[in-house]
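Enquirer: no sequence on this one, just coordinates:
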Ligand SMILES: [Zn+2]
């Protein structure tokens with residue numbers, strides 16, 4: 001019998017599209033109200049406060065309108081009027097951005113002495129943190145004319161990113177290939193993952209070579225696009241008076257460079273555990289020559305784990321009871337208030353996300369397909385949604401949003417708690433082994449692999465700053481050497497030297513290290529919770545409630561994960577080592 005899956009309730013956001021239209025019509029007036037403060041911010045604390053409130057009011061309304069439009073559209077992207085609503089709100093917001101962009105430069109232009117008076121005004125005490133955050137950028141902000149010039153050049157400067165994504169997503173094609181069952185399928189970015197997970201090694205190897213053949217053909221162009229982006233990062237950092245492009249990229253979240261560098265050195269010290277895992281993989285897979293295309297292959301291809309939505313819901317709820325009654329009570333609302341849209345549906349946006357805004361539920365979109373991995377997706381997205389729900393109910397709108405740096409901590413923590421729960425419940429060694437494999441592969445991909453990427457990014461930015469041209473040969477040589485260091489004894493197929501050419505994240509400006517630090521923090525926090533450490537549960541809830549009210553490193557430190565020390569990363573990789581040992585006992 002087919003299960004009836006839950007759908008989300010968007011009617012609490014707007015009962016119908018007409019009420020959306022009514023608020024949409026009021027958006028311009030909200031922008032005008034904020035704009036009326038232009039040129040007057042330094043006049044008095046009362047005026048500055050009123051301006052900030054008007055800005056928040058506009059943003060809050062804009063987010064509410066946009067959230068409804070895009071959620072409704074994602075239910076079924078083939079419905080024309082729903083797509084049109086997203087286009088209308090997007091166009092409106094970009095047209096109104098001019099009425100929004102004056103605020104920051106005007107604050108920075110206020111003379112220091114006057115600014116100090118404003119900052120000391122009791123009336124502005126609540127907004128002091130966000131004003132200071134803005135003023136932190138002052139030494140890195142140029143004159144108004146220069147900023148305007150850079151603004152108009154924005155599209156031009158981002159050209160190499162655009163060329164890369166157009167080429168990679170649209171122009172390049174990788175042909176067709178037979179899967180393990182002999183079915184002829186397109187090799188695409190989307191199907192690449194399942195080819196790498198094919199139980200048949202010949203299929204994996206063929207897919208690997210077929211994909212990289214194309215990248216090799218275009219390697220010079222792809223080196224030129226990456227070179228263009230890296231040069232832009234290097235140049236912008238110089239223009240904005242930063243010592244290094246790394247320092248510039250970490251500035252907005254107030255992360256010191258040593259956090260990044262310590263991550264790399266700590267992960268490097270812990271490479272023996274990774275090599276140990278590869279050794280075990282080779283044994284279980286009965287291969288003398290484990291290669292790059294064997295790292296995602298299933299260790300127990302015969303295992304086919306199914307799970308209904310009702311079972312997944314029960315598992316996720318029970319696994320999260322360790323977070324205490326306050327968490328559990330709010331979690332229950334995900335079902336009772338209908339936050340989740342779970343059914344697979346034609347036209348539905350693919351993938352999964354947690355969305356919403358300050359004035360809505362923290363909605364979840366996913367396509368539940370009765371696999372055990374869907375239960376993990378549910379736990380993951382609920383981690384995001386619960387983080388948002390706690391932040392929104394405990395913080396004023398102004399400080400409710402949290403930074404990307406902490407965004408994956410709550411979601412990863414939930415996945416880890418689910419793994420731990422399943423391991424406690426399960427007695428079948430094969431199923432247990434599959435959970436350990438999942439854990440080991442997650443940590444490998446999130447901490448080891450992303451740190452290798454982070455090291456590569458640092459290296460190519462340093463080369464570019466030293467005026468070493470990033471040619472395809474140079475990039476291949478550096479990437480292959482780095483890969484060899486991280487993967488140890490693996491006889492890496494030469495084609496892996498081209499991997500840099502297909503990774504979109506290398507265009508994101510020092511982004512991927514956050515995946516590694518986020519997972520290390522999540523492992524640290526979940527460990528304390530599971531061990532029943534005194535105060536761990538309360539500290540974790542305080543982290544969820546903090547939103548963006550403090551610096552990210554302080555929020556995590558208060559929660560129990562101090563990323564200014566190597567401890568969380570060291571502990572995470574020690575846990576990885578233990579996981580591999582458990583797996584060895586079960587399958588080795
Ligand atoms: Zn996530």
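Expert: Alright, I've got the coordinates. Note that the structure is a prediction, hence the values are computed from the model and not measured.
Enquirer: going forward, measure contacts and count neighbours with C-alpha atoms only.
Expert: Noted.
Enquirer: How far off centre is the worst-scoring helix or strand of the chain on mean pLDDT?
Expert: Between all helices and strands in the chain, the lowest mean by mean pLDDT, DSSP states H and E belongs to helix 154-157, at a mean of 84. Averaged C-alpha coordinates place helix 154-157 at 24 Å from its chain's average position (Cα atoms, centre = their mean, to the nearest Å).
Enquirer: Check stretch 450-459 too.
Expert: Distance of stretch 450-459 from the chain centroid (Cα atoms, centre = their mean) equals 17 Å.
Enquirer: okay, now the domains of the chain?
Expert: Taking automatic domain parsing as the reference, the chain has its domains at 10-152, 173-217, 218-299+375-588.
Enquirer: Just send those back as JSON lines, with mean pLDDT and distance to residue 354 too.
Expert: Below are these laid out as JSON lines (pLDDT from 0 to 100; distance: least, Cα to Cα, whole Å):
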{"stretch": "domain 10-152", "mean pLDDT": "95", "distance to residue 354": "10"}
{"stretch": "domain 173-217", "mean pLDDT": "94", "distance to residue 354": "21"}
{"stretch": "domain 218-299+375-588", "mean pLDDT": "96", "distance to residue 354": "5"}
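Enquirer: quick revisit: can you give the contact residues for the least confident helix or strand of the chain?
Expert: Residues from elsewhere that reach helix 154-157, judged by Cα atoms under 8 Å, 6 or more residues apart in numbering: residue 232.
Enquirer: buried sites along stretch 319-327?
Expert: For stretch 319-327, the neighbour count (16 or more other Cα atoms under 10 Å) marks 319, 320, 322, 323, 327 as buried.
Enquirer: Ignore what I typed, I meant stretch 461-481.
Expert: Across stretch 461-481, burial judged by 16+ other Cα under 10 Å covers 461-462, 464-465, 469-472, 475-476, 478-480.
Enquirer: returning to what we had before: quick check: which of the domains of the chain is nearest to residue 368?
Expert: Nearest to residue 368, of all the domains of the chain, is domain 218-299+375-588, at 8.3 Å by Cα to Cα.
Enquirer: before we move on, the earlier item: can you pick out the most distant pair from the buried residues of stretch 461-481?
Expert: The span of these, defined through Cα to Cα, is set by 465 and 480 at 21.2 Å.
Enquirer: What strand or helix carries residue 88?
Expert: helix 80-96 (DSSP states H and E).
Enquirer: if we can go back for a sec, after the least confident helix or strand of the chain, next one along is what?
Expert: Taking DSSP H and E, what comes next after helix 154-157 is helix 159-166.
Enquirer: biggest helix in the protein by residues?
Expert: helix 45-75 (DSSP state H).
Enquirer: Give me the packing partners of it, helices and strands only.
Expert: With contacts taken as 3 or more Cα pairs under 8 Å, 6 or more residues apart in numbering; DSSP states H and E, helix 45-75 sits against helix 17-35, helix 80-96, helix 397-400.
Enquirer: So which bits of the helix or strand following the second one are buried?
Expert: In the C-terminal direction, the helix or strand that comes right after helix 80-96 (DSSP H and E) is helix 103-109. Buried positions in helix 103-109, judged by neighbour count with 16+ other Cα under 10 Å: 103, 105, 107, 108.
Enquirer: Show me where the stretch 301-450 of the chain has its helices.
Expert: Listed in chain order, the helices of the stretch 301-450 of the chain (DSSP state H, counting those that start in this stretch) span residues 309-319, 325-336, 372-394, 397-400, 404-425, 429-443, 450-465.
Enquirer: Could you identify which of the ones you listed is most buried?
Expert: With neighbours taken as mean count of other Cα atoms under 10 Å, these reach their highest mean count in helix 372-394, at a mean of 23.
Enquirer: which residues sit against that one?
Expert: Contacts of helix 372-394 (Cα under 8 Å, 6+ apart): 305-307, 309, 312-313, 315-316, 330-331, 352-355, 358, 361-364, 366, 368, 400-401, 407-408, 410-415, 418, 544-547.
Enquirer: Packing partners of the helix holding residue 88?
Expert: Under the contact criterion of 3+ Cα pairs under 8 Å, 6+ apart, helix 80-96 touches helix 17-35, helix 45-75.
Enquirer: how close does the residue lying closest to residue 500 once chain neighbours are set aside get to residue 491?
Expert: Nearest residue to residue 500 in three dimensions, chain neighbours excluded: residue 479, at 7.0 Å (Cα to Cα, 6 or more residues apart in numbering). Using Cα to Cα, to the nearest Å, one gets 15 Å for the distance from residue 479 to residue 491.
Enquirer: How about residue 505?
Expert: Distance from residue 505 to residue 491, by Cα to Cα: 26 Å.
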